[in-house]
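> 3D, please:
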Amino acid sequence: MAFIQIPHDMTELRIMMEQLKEMGKEANEDQLIEQAVVDNAQQLLDEALDGHYFTCKLEDGKLVVYDVINLPTGSIEPLGKNFKEDFITDADNLWIHLSSNLNRIAGGR
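The predicted model follows:
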């Protein structure tokens, strides 16, 4: 089985946690979910811009997008209470939500 680099749902996240455990590394589910949200959002944003020009960061419960000179250019709120809950309950819907909003932010540039 290939090592999961970026989990797209809870099943992949649990597999990734087991893979890390087998390698002797500690894995924190909350941190892995946050990183998965950022990494998946970054991939969606890079696709929308045909390259890595903007950067996504989780800040104060929002996903904030920064432009090439590190100025905030937009932000996205979670669908529910927080992105962790969104990832756990319906990751596919979260990716649709992020993709739509990231395309809007990227299109404004």
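> Tell me where this protein has helices.
If DSSP state H is used as the criterion, the helices of the chain fall at 10-22, 29-49, 83-107.
> which other helices and strands contact the first one?
Helix 10-22 is packed against helix 29-49, helix 83-107, with contacts defined by 3 or more CB pairs under 8 Å, 6 or more residues apart in numbering; DSSP states H and E. To be clear about C-beta, it is placed using only N, CA and C from the backbone, and glycine gets the same treatment.
> Tabulate the ones you listed in JSON lines, adding columns for distance to residue 6.
Shown next, in JSON lines, are those (distance: least, CB to CB, whole Å):
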{"stretch": "helix 29-49", "distance to residue 6": "5"}
{"stretch": "helix 83-107", "distance to residue 6": "11"}
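> Now render those as JSON lines, adding mean pLDDT.
JSON lines is the format used below for the helices and strands packed on helix 10-22 (pLDDT from 0 to 100):
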{"stretch": "helix 29-49", "mean pLDDT": "96"}
{"stretch": "helix 83-107", "mean pLDDT": "96"}
